[in-house]
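[1] When you get a sec, could you give me coordinates for this:
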Amino acid sequence: MASTEADQKTVMAISYRPASRLLMVIAILALSLLSAAPGAIAAQRRARHSAEQRTGAYMNSIRTNPRRLEKFLRQMPKGADLHNHLSGAVYAESYIKWAAGASSPRLCVDSQSLALAPETAANPCSDPARPAADKALTDSGFYNQLVDAWSMRDWRKSGETGHDHFFRAFSKFGAAIDGHFGDMLAEVASRAAGEHVSYLEIMLTPDNGVSASIGQNLKWDGNDLPAMRTALLEMGIDKAAQQARATLDQTEKSERQALGCDSAKPQAGCDVPVRFIFQVGRTNPPAVAFAQMVAAMETAGVDSRVVALNLVAPEDAAAALNNFPIQMRMLGYLHSVYPKVHITLHAGELAPALVGPEALRSHIRESVEQAHAERIGHGVDVLHEDDSAGLLKEMAARRILVEICLSSNDLILGVRGKDHPLNTYIEYGVPTALATDDEGVSRSNMTNEYVRAVDDQGLTYGQLKKMARASLEYSFASGSSLWDDPTTSMPVSDCAADLHRLSKGAHRSLSASCRSYLDANLKAELQWSLEEKFLQFEQSVVGRGNH
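    Down below sits the predicted model:
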């Protein structure tokens, strides 16, 4: 609470009575106690802002120096990566290694499409038109062909659009994924640790096709979604949840082995908490997509590692456009049945060059208002939506975070610079966070997204820091936030004094109340760690005289 004008006048009145010096001292002490908490918070903010401003000034001084800017941003704490597809996050070089090592069956490469396919008696890898994948280990030209075909490296030489080259890459390396989920997760977690990313939400479809198979046998009636859900439950959709749990168990076990997490020298990736988002194919027939949605909801109810669902596949595909209205109804209904399961949706990953104007008018709004999306992935076409200003104000008021994927939007949609809506979202107060999307296919990483935010969008250090904080605040990590009010950086009372000491550089044991709060809330624990890392980072920048 703040001292009032009346408090100040009372102290002044007492000070004019020499005989009441004791009362004056008591009054002043009382007033200081009344103002101690806000004073401490104000001092905390001043200390934070001073270091932040000096660090920001240094970043501004190196904006035009690519090497120094990249080094600075690589070391900057970055919070969470909330939009990351596991299959697209792995680099082509890893897929080549795994494909070359496959033995049961061996994997061949179609010399025309450069897509992997298993060896069969009718189609052996001895066929010159279908060489074995391990040829890439001894033929550098062939190796480079695969890297280019399985990623966006030199994509302009392919004769394809960025959009088509990107999405076609997944079908080419897909056969190398089998049995490597743990290795894939280890690669992504290790890279995140090296980029100073402290938390991941990874998209994958963990049930090995069980829900899709059940959905194919569902007699579909889109007018009676409750009956469809009941039918799926009777058909054993819970088996999909069981398979998903088994897949994640094995994935995490393999990841820990790959990173040596239980050894004397664990790799840094072991310290990055990972949660999963269940992917649903938006180009699937309605019955299959609905079965996947129900499986995702059911899995999240029995496995805390699965925190949400998302729709994936090109939003501009004909099937995705046709299915969009019914999918919004599906999610609206399922949200009423499973209100605690989070929903984050790809929406507005569209541009006028890909679709007609009608398709640009409502996907983000309907994802928020009908499907109850708490976060939006991409949101690139927001200014083409009907009443875009009203939508932006609604998203700001409801705190709907937008997962911003700058490299992906440039490579797939050709949207960059002033054509990208990031600064518009910021202007309207919509929460935003940078994300990698498919860093392996895009040949990117989180540092590169931050570099793009500075170079391409003109963001300041303070804005980047706000986005890093937002990535944790709007993550689906369990528990409550460290911030009572994230918009003003007002901490919860349990940790206010501790955060004040931290801002002054006074490293000491946490109070019992704060330690208890952090232990009970993973989100708050991650946020506290981020604040510690920001303090250390800014002190290192300022301490080197880089200001």
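[2] And what about the closest residue to Trp220 other than its chain neighbours, helix, strand or coil?
    Of all residues not flanking Trp220 in the chain, Ala287 sits nearest, at 4.0 Å (C-beta to C-beta, 6 or more residues apart in numbering). Backbone N, C-alpha and C define where each C-beta goes, glycine included. Of the three states, Ala287 takes helix under DSSP: H, G, I helix; E, B strand; the rest coil.
[3] Check the one 3 residues further on too.
    For Phe290, the assignment made with three-state DSSP gives helix.
[4] ok, back up a step: isn't the residue nearest to Trp220 right up against Gln216?
    Yes: Ala287 lies in contact with Gln216 (C-beta atoms under 8 Å); the separation is 7.1 Å.
[5] Which one of these two is surrounded by more residues?
    Between Ala287 and Gln216, Ala287 has the larger neighbour count (other C-beta atoms under 10 Å), namely 21 against 13.
[6] residues contacting the more buried one?
    Gly215, Gln216, Leu218, Trp220, Met228 (C-beta atoms under 8 Å, 6 or more residues apart in numbering).
[7] Can you tell me how far the residue nearest to Trp220 is from Ala317?
    18 Å (C-beta to C-beta, to the nearest Å).
[8] swap in Arg398?
    28 Å.
[9] ok, these two, which is more surrounded?
    Neighbour count, other C-beta under 10 Å: between Arg398 and Ala317, Ala317 has more, with 15 against 12.
[10] Got the phi and psi for the more buried one?
    With angles defined as degrees, to the nearest 10, Ala317 sits at phi -60, psi 150.
[11] got the buried residues for the helix or strand hosting Ala296?
    Using DSSP states H and E, the element containing Ala296 is helix 286-302. Residues of helix 286-302 classed as buried by neighbour count (16 or more other C-beta atoms under 10 Å): 286-300.
[12] can you give me the offset of that helix from its chain's centre?
    How far helix 286-302 lies from its chain's middle: 21 Å, per C-alpha atoms, centre = their mean, to the nearest Å.
[13] likewise stretch 230-245?
    With C-alpha atoms, centre = their mean, you get 28 Å for stretch 230-245.
[14] Could you give the average pLDDT over that stretch?
    If you average the pLDDT over stretch 230-245, you get 98.
[15] For the stretch 351-500 of the chain, which segments count as helices?
    Applying DSSP state H, counting those that start in this stretch to the stretch 351-500 of the chain gives helices spanning 363-369, 388-398, 406-408, 422-428, 439-442, 446-455, 461-473, 496-503.
[16] whoops, I mixed them up, the stretch 101-250 of the chain
    Going by DSSP H, counting those that start in this stretch, the stretch 101-250 of the chain shows helices at 140-149, 162-173, 181-194, 210-216, 225-234, 238-259.
[17] Reformat those helices as TSV; add distance to Ala373.
    Below are the helices of the stretch 101-250 of the chain laid out as TSV (distance: least, C-beta to C-beta, whole Å):
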stretch	distance to Ala373
helix 140-149	34
helix 162-173	22
helix 181-194	24
helix 210-216	21
helix 225-234	18
helix 238-259	21
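[18] Of those, give the one that comes closest to Gln327.
    helix 225-234 (11.3 Å; C-beta to C-beta).
[19] I would like the residues contacting the closest one, please.
    214-215, 218-222, 287, 290-291, 294, 329-330, 333-334, 337.
[20] So which of the residues you listed wins on neighbours?
    Ranking the contacts of helix 225-234 using other C-beta under 10 Å puts Ala291 first, with 31 neighbours.
[21] mind listing what it touches?
    Ser211, Ala212, Ile214, Gly215, Leu218, Leu232, Ile237, Ala240.
[22] Farthest pair within those?
    Leu218 and Ala240 (12.7 Å).
[23] domain parsing for this structure?
    Listed by automatic domain parsing, the domain ranges of the chain are 41-75+480-547, 79-86+178-473, 89-176.
[24] still on that earlier bit, can you redo the helices of the stretch 351-500 of the chain as JSON lines with mean pLDDT and distance to Arg275?
    Formatted as JSON lines, these follow (pLDDT from 0 to 100; distance: least, C-beta to C-beta, whole Å):
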{"stretch": "helix 363-369", "mean pLDDT": "98", "distance to Arg275": "21"}
{"stretch": "helix 388-398", "mean pLDDT": "98", "distance to Arg275": "22"}
{"stretch": "helix 406-408", "mean pLDDT": "98", "distance to Arg275": "21"}
{"stretch": "helix 422-428", "mean pLDDT": "98", "distance to Arg275": "24"}
{"stretch": "helix 439-442", "mean pLDDT": "98", "distance to Arg275": "18"}
{"stretch": "helix 446-455", "mean pLDDT": "98", "distance to Arg275": "17"}
{"stretch": "helix 461-473", "mean pLDDT": "98", "distance to Arg275": "12"}
{"stretch": "helix 496-503", "mean pLDDT": "90", "distance to Arg275": "25"}
